[in-house]
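Peer 1: Next comes the sequence, and after it the predicted model I'd like to discuss.
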Amino acid sequence: MILKDMENIEGAPVQPEGTPPQEVIADETIMHEFRQAPYILNPFLSRGCCQAPKIYNKNETIFQHSCSKFDSFDWLGKIPAPLGSKVIDVVEVRFKNSRKDYYRMPPDMELSVGEIVAVEASPGHDIGIVSMVGEMVRFQLRKKNPSTNPEEIKKVYRKARLTDIEKWIAAVDLEISTMYRSRLIADQLGLLMKINDVEIQGDNTKAIFYYTAEDRVDFRELIKLMAEEFKLRIEMRQIGARQEASRLGGIGSCGRELCCSTWMSDFKSVTTNSARVQQLSLNPQKLAGQCGKLKCCLNYEYDTYVDALKGMPNTDIRLKTRQGEAVHQKTDIFQRLMWYSYVSEPSNMMAIPVDNVILILEENKKGNLPEKLEEFSQITEKKSEFDNGAVQDDLTRFDHL
C-alpha cells in the first residue's frame, strides 16, 4: 500500500477512505502517427524495369514500357505478317537510359518482349532486355540505321542464365557508388569535368563513364587510377549539356517530362532569333531549360510564326499623320494587329489592323498624311492615371473626428 501511495502523481486528488474509486473514462480520441514510407531505390528503373530482377524468378513482368525512355509503340504487334514474307530475326534490346541497339537471333531461338538476354559486346557480353520484336523492328532499322550492313549486326548469345542475372544485379548495384568515387578521384586530380552517369557492362568487366566538360580534358591519369580502383576496363564518353539532361531526365517548366528524355532523339540548334520572332521577352531564366541552354520547344512553333509574319510591314518605319508620328510598340501576330502610339504620347497605344497599316504607309509614300490614327484603330488603350491618396490627403485629416 505504501508503494502504491508513493506512485501517485503529486497534486492528484486522494480518494477518502471508504469512498469507492471513481471510474475514469479514457479519452477516445484516436491519435494517428504519420511516418514517411521508406524509399526503396530501384537501380533498374533506368533500364525500363518496374522492379529489380530476382535470381530465382522468371522475371517476365519486370519490364514496363511506361518506365522506358525513348520507348517506341509497336503498332504492328497485333497485325499478322503477310503470307510468304520472311520473319525478321532481329530484335531491339534496351540497356541503361536511352541506349538501345539491334541484335540478330540464332535460328533456333524465339524471343518475346521483356525477356532478359545476353548479347555480344566488346569485350565479353552484355545483359539487356528485349523491348521490341517483329516487323516493327524492320521499320526502326530502316529509320535509324538505313545504311547498316546486315552482316554487321551483333548477335544474341542466349537467354540470360541465373549466373548472368546474378552478375548483372551485382554490376548495376555498383554503378552509383562507382560514379561518386570517380567524381572524387577527378576532383583530386583537379580535372574540370563532371561525371554524370556510369554504366557497367552486364558481365562486370567494363564500365562506360559519361561526362561533360567545357574544354578538352586530359584524363589519362584518371583512367589509370580508376582502372586500379574498380578493376574494370574504362571507357570515357563526352556528352553535351542537352545529352546530359536527356540521360538524367526531369520535369520541365510546363509540368511534363522533358522532351529530350521521352521522344526527342535529335537536337537542333536553338537561337535567340526564335524567341524574337515569337515576340518573347529575352529573359534567360524563362528561356533556358534544365540543361542551361535555350529550350528546344522554342523551335516547335517557329515555322508557324515565320509564315504568319509574311506580308507584315516593317516595324521600324514610323506612321506619319497630321497629329504627329507614331512608332510601333508590339504586334499580335495571329490576330494581325499592330500596336502604335504617338511619339508625344507613348503610353496611349492603338491597335491597327495590318491592312490599315499598309494603307497608311502607301499614303505616306505618296506624300499624303491622314488626319489621325484613331480613324484606323480597332482598339485603343489609354494609360490610367494613378492617384496616390497618401500624398494628396492631409495627414491631420483624422484629428477632428
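Peer 2: Cool, got the structure.

Peer 1: Quick check: which element contains Ala52?
Peer 2: Element membership of Ala52 [criterion: DSSP states H and E] is none; it lies in no helix or strand.

Peer 1: right, and it touches Pro43 too?
Peer 2: Yes - in this structure, Ala52 is within contact of Pro43 by Cβ atoms under 8 Å, at 7.0 Å. The C-beta positions use only the backbone N, C-alpha and C, and glycine is treated the same way.

Peer 1: what's the pLDDT at Arg161?
Peer 2: We note a pLDDT of 90 for Arg161 in this prediction.

Peer 1: wait, what's in contact with the closest residue to Phe230 other than its chain neighbours?
Peer 2: Of all residues beyond its chain neighbours, the one nearest Phe230 is Thr178 (6.0 Å), with distances taken as Cβ to Cβ, 6 or more residues apart in numbering. Thr178 makes contact with Val198, Ile200, Ala207, Phe230 under the criterion Cβ atoms under 8 Å, 6 or more residues apart in numbering.

Peer 1: Need the three-state assignment for Thr178.
Peer 2: For Thr178, the reduced secondary structure class is helix; criterion used: DSSP: H, G, I helix; E, B strand; the rest coil.

Peer 1: residue ranges for the helices of the stretch 301-401 of the chain, please.
Peer 2: Secondary structure of the stretch 301-401 of the chain by DSSP state H, counting those that start in this stretch: the helices cover 302-309, 354-365, 389-392.

Peer 1: Just to be sure, Leu222 is in a strand?
Peer 2: No - with the criterion set as three-state DSSP, the secondary structure at Leu222 is helix rather than a strand.

Peer 1: number of nearby residues for it?
Peer 2: Taking other Cβ atoms under 10 Å as the criterion, the count of residues near Leu222 is 22.

Peer 1: Quick check: it vs Asp316, distance?
Peer 2: With distances taken as Cβ to Cβ, to the nearest Å, Leu222 is found 54 Å from Asp316.

Peer 1: quick revisit: switch the contacts of Thr178 over to JSON lines; also include neighbour count, pLDDT and secondary structure.
Peer 2: Compiled in JSON lines, the contacts of Thr178 are given as follows (neighbours: other Cβ atoms under 10 Å; pLDDT from 0 to 100; DSSP: H, G, I helix; E, B strand; the rest coil):
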{"residue": "Val198", "neighbour count": "22", "pLDDT": "94", "secondary structure": "strand"}
{"residue": "Ile200", "neighbour count": "24", "pLDDT": "95", "secondary structure": "strand"}
{"residue": "Ala207", "neighbour count": "23", "pLDDT": "95", "secondary structure": "strand"}
{"residue": "Phe230", "neighbour count": "19", "pLDDT": "94", "secondary structure": "helix"}
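
Peer 1: for those residues, which one is nearest Ile165?
Peer 2: Of all the contacts of Thr178, the one with the least separation from Ile165 (Cβ to Cβ) is Ile200, at 14.4 Å.
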